[in-house]
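Trainee: Pasted the sequence and its predicted model underneath.
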Amino acid sequence: MNFYQSFKLAIQSIMKSKVRAFLTMLGIIIGVGAVTVIVGLGNGMKNYITKSFESMGTNLITVDIQGRGTSRTISVDDMYALVEQNPDLLSYVSPTAGVSGTVKIGNKNIKTTRVSGVSEDYMKISSSELTDGRFIQYVDVLRRQQVCVVGSYIAKTYYSGNAVGKTLKINGTAFTVVGVLKEEAKSEKLSSDDVIFIPYTNASKMSWTGTISSFVFSGASPENINKAVITIKEALYKVYGSYDYFSVVSMSEMLDSFMTEINVMVIVLGAIAAISLLVGGIGIMNIMLVSVTERTREIGIRKSLGAKQKDILGQFVIEAATTSALGGIMGILFGFLLCSIGTNIISSLAQETITVVPSFGAVLGAFSVSVGIGIIFGFLPAKKAAKLNPIDALRYD
Amino acid sequence: MTPLIEFKDVYKIYKMGDSNIVRAVDGISMQIEQGEFVAIVGQSGSGKSTCMNIIGCLDVPTQGQYLLAGKDVGMLNDNQLADIRNKMLGFIFQQYNLLPKLTVLENVEVPMLYRGVPKDERFERAKKALERVGLSDKLNHTPSQLSGGQQQRVSIARALAGSPSVILADEPTGALDSRTGRDVLHLLQELHGEGNTIILITHDNSIANTAPRIIRLADGKVVYDGPSGGKGAVVQAEEGEAAVL
């Protein structure tokens, strides 16, 4: 009796009682479906986050200085010096000074737009491109020229794409638009296209303290990012005498920590979903035990005709494994369905599109686990069947 | 020449509870030669079923030796017994014991399936066996589509297809009306004529008389072993039973 024949028998037996087989599989279907969609959701979030980090540039290092009063400060020039001293580690630096307040274009007040003061190198750091005009230049920074570069959302929404040369007011100060950035995120509100850049010297003047406390560096190469982070930290330590007054984080570190968080979430949710697989396995075991009792006579006949214990064992284990493997396949299909439904729901609820994609590995894993569950939970009933005494089994009604 | 089947003082003793001991087979010795047609006959409780289980390698004796083709079966484990059932024995049961989900042809193929006979050969042999019992037009029917007599002939074909050393028929006519019963017995006689060794287990004297040799059991003991021809066997048998009682 080979595998193919046992498999054929298993299919015959499952087809004989379809409703029962389906109900038996249900636990596996739900479990595999849930695991598939959870892993898919995790993948979708990872892809989304990776993509948004890539659009910012993964070799960025952000520096935030909480400071230690006014006695010890680091100047913008010190940061520039750091780049010059370490050309193999760092390429560019730009202060990033956030401006809080209101933007007024014509007679409309806009509150969502992010206004940042940056240097002329910022465009290279963020690897953005212009569609119109120019970026902020050194001379603008030096002379605190009241010029600004706007994101594509501002240009499209408020200037119908024709922004260069127009003026807007930030906290009452008038700025002339000199450039428009290329679209990065579908020109949506609150996205990375809903931005205004001004020279950082203007920004620091507009803020309360007048000092610059945030910087963004671009690393010379992705491999040396960690070394660059250490170099910056050491330089700042010399000034502040402690690591507590500033933070230096590379984008790749941030990306890693996001990824770790998502992985933890997927594992926790996946483990909860996997409980259903366990329950499904117990369901299979239960039905197989019933089936062994029902088919005692068949087992007796087969044994009298020369079936060995391993033949009967194989027959029932393969039947259990086939049942749960079929459940696994249905569960995967169910999971794919849930994934596409999930993608639609997320797209309709949020502005962002997160595509829920089940990974090949997860699908393969879910299928193997379901087959494994069939084998494990089918073994006990199959063992019971194999051990039946042929004389008793033949007399069983 | 070694007999095909030899019982050497075989006992089968069941313990029912602490003190109640049932001697289902109580010291039987007998020999059955290759090519014989023997009826083992006895009332219910005479031990004939236990005897048939032992001959059929479904059970092993508590004491004594059962030699099948010179080989001591009592020493064998479950799998070895299964192997012997598969290769040397063909069963015909009172309730036919066909597998209801399989077709007639597949049913006949089952023993060869466990023996690992290749597909084509399996099919040929099953077809030939079904032709032999006159069911070549019913290959793809399921057992439930056949009459009782036809089902019993399928089970004979199943026993035959494996070309066993012994065909064991346990009350083969018990579930049939007398006419189809006679047909089945006639078929067994024909098979015997073709050189098969057949052991027929029954409680019915008239059926037992189909076989040239009768072994009569009562209370686990052999009370008559001899030819069936004429009155003597029955009379002696009755005397034997009376003596034991």
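Mentor: Okay, I see it.
Trainee: C-alpha from now on. contacts and neighbour counts both.
Mentor: Will do.
Trainee: Identify the residue nearest the geometric centre of chain B.
Mentor: Per Cα atoms, centre = their mean, the C-alpha nearest to the average position across chain B is that of residue B:168, at 1.6 Å.
Trainee: gap between that residue and residue B:31?
Mentor: 15 Å (Cα to Cα, to the nearest Å).
Trainee: on that earlier part again, what are the contacting residues of the helix or strand the residue nearest to the centre of chain B falls within?
Mentor: Using DSSP states H and E, the element containing residue B:168 is strand B:166-170. Strand B:166-170 has contacts (Cα atoms under 8 Å, 6 or more residues apart in numbering or on different chains) with B:52, B:56, B:88-94, B:159-160, B:196-202.
Trainee: before we move on, what about stretch A:280-287?
Mentor: A:24-28, A:31, A:320, A:323-324, A:373-374, A:377-378, A:380-381.
Trainee: which ones among the residues you listed are found in helices?
Mentor: A:24-28, A:31, A:320, A:323-324, A:373-374, A:377-378, A:380-381 (DSSP state H).
Trainee: By neighbours, which of those wins?
Mentor: residue A:28 (39 neighbours; other Cα atoms under 10 Å in any protein chain shown).
Trainee: pLDDT value on it, please?
Mentor: Note for residue A:28: predicted pLDDT of 91.
Trainee: For residue A:238, see how far away it is.
Mentor: Distance, residue A:28 to residue A:238, by Cα to Cα: 60 Å.
Trainee: what packs against the host helix or strand of residue B:28?
Mentor: Residue B:28 belongs to strand B:20-32 when assigned by DSSP H and E. Applying 3 or more Cα pairs under 8 Å, 6 or more residues apart in numbering or on different chains; DSSP states H and E, we find strand B:20-32 packed against strand B:5-16, helix B:48-55, strand B:221-227.
Trainee: Tell me, how many residues neighbour the residue in the stretch 101-250 of chain A positioned nearest to chain B?
Mentor: Proximity of the stretch 101-250 of chain A to chain B (Cα to the nearest Cα) peaks at residue A:223, 62.2 Å away. For residue A:223, the neighbour count with other Cα under 10 Å is 11.
Trainee: My reading is that it lies in a helix. Confirm?
Mentor: Yes. Using DSSP: H, G, I helix; E, B strand; the rest coil, the secondary structure at residue A:223 is a helix.
Trainee: and it, how far is that from residue A:258?
Mentor: 20 Å.
Trainee: Just the CA atoms of stretch A:315-325, as PDB, please.
Mentor: Backbone C-alpha positions of stretch A:315-325 (Å, rounded to 0.1, in the frame of the first residue of the first chain) are rendered in PDB as follows:
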ATOM      1  CA  GLN A 315      -4.300   5.400   5.900                       C
ATOM      2  CA  PHE A 316      -5.700   7.400   8.900                       C
ATOM      3  CA  VAL A 317      -2.700   9.700   9.300                       C
ATOM      4  CA  ILE A 318      -2.800  10.600   5.600                       C
ATOM      5  CA  GLU A 319      -6.500  11.100   5.800                       C
ATOM      6  CA  ALA A 320      -6.100  13.500   8.800                       C
ATOM      7  CA  ALA A 321      -3.200  15.300   7.000                       C
ATOM      8  CA  THR A 322      -5.200  15.600   3.800                       C
ATOM      9  CA  THR A 323      -8.200  17.000   5.700                       C
ATOM     10  CA  SER A 324      -6.100  19.700   7.400                       C
ATOM     11  CA  ALA A 325      -4.000  20.400   4.300                       C
END
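Trainee: State the mean pLDDT of it.
Mentor: 92.
Trainee: does any part of it sit near chain B?
Mentor: No. Applying Cα under 8 Å from any Cα of the partner chain, one finds stretch A:315-325 separated from chain B by no less than 11.8 Å.
Trainee: for the nearest residue to residue A:65 once chain neighbours are set aside, phi and psi?
Mentor: Closest residue in space to residue A:65, ignoring its immediate chain neighbours: residue A:246 at 4.2 Å, by Cα to Cα, 6 or more residues apart in numbering or on different chains. In terms of degrees, to the nearest 10, the main-chain angles of residue A:246 are phi -160, psi 160.
Trainee: Local confidence estimate at residue A:246?
Mentor: The predicted structure lists residue A:246 with a pLDDT of 87.
Trainee: Return the residues in contact with it.
Mentor: A:63, A:64, A:65, A:66, A:67, A:236.
Trainee: if you set the cut-off to 10 Å instead, what comes out?
Mentor: By Cα atoms under 10 Å, 6 or more residues apart in numbering or on different chains, the contact list for residue A:246 reads A:63, A:64, A:65, A:66, A:67, A:68, A:213, A:214, A:233, A:236, A:237, A:240.
Trainee: Return the residues of chain B in contact with chain A.
Mentor: Residues of chain B lying near chain A by Cα under 10 Å from any Cα of the partner chain: B:50, B:53, B:56-59, B:78-91, B:93, B:95-102, B:110-117, B:158-159, B:162.
Trainee: Look at the residue of the stretch 251-397 of chain A found nearest chain B and give its secondary structure.
Mentor: Nearest to chain B, among the residues of the stretch 251-397 of chain A, is residue A:306, at 3.9 Å (Cα to the nearest Cα). Assigned by three-state DSSP, the conformation of residue A:306 is coil.
Trainee: So which elements touch the host helix or strand of residue A:11?
Mentor: Using DSSP H and E, residue A:11 sits in helix A:3-16. Contacts defined by 3 or more Cα pairs under 10 Å, 6 or more residues apart in numbering or on different chains; DSSP states H and E place helix A:3-16 against helix A:18-56, helix A:309-349.
Trainee: Next, count neighbours for the nearest residue to residue A:392 once chain neighbours are set aside.
Mentor: Closest residue to residue A:392 apart from its sequence neighbours, by Cα to Cα, 6+ apart: residue A:300 at 7.6 Å. Neighbourhood size, residue A:300 [other Cα under 10 Å]: 24.
Trainee: Quick check, pLDDT for residue A:300.
Mentor: 93.
Trainee: any idea how far it is from residue A:170?
Mentor: Residue A:300 is 90 Å from residue A:170, by Cα to Cα.
Trainee: Equivalent analysis for residue B:18, please.
Mentor: From residue B:18 to residue A:170 the distance is 103 Å (Cα to Cα).
Trainee: Mind checking which of the two has more residues around it?
Mentor: More neighbours surround residue A:170 than the other of residue B:18 and residue A:170, with 21 against 6 (other Cα under 10 Å).
Trainee: hey, what's the more buried one bridged with?
Mentor: Residues in a beta bridge with residue A:170, per DSSP bridges, are residue A:103, residue A:173.
Trainee: sorry, back to before: what helices and strands are in contact with the helix or strand the residue nearest to residue A:392 falls within?
Mentor: Using DSSP H and E, residue A:300 maps to helix A:296-304. Judged by 3+ Cα pairs under 10 Å, 6+ apart, helix A:296-304 is in contact with helix A:251-294, helix A:309-349, helix A:360-386, helix A:390-395, helix B:78-88, strand B:89-92, helix B:104-115.
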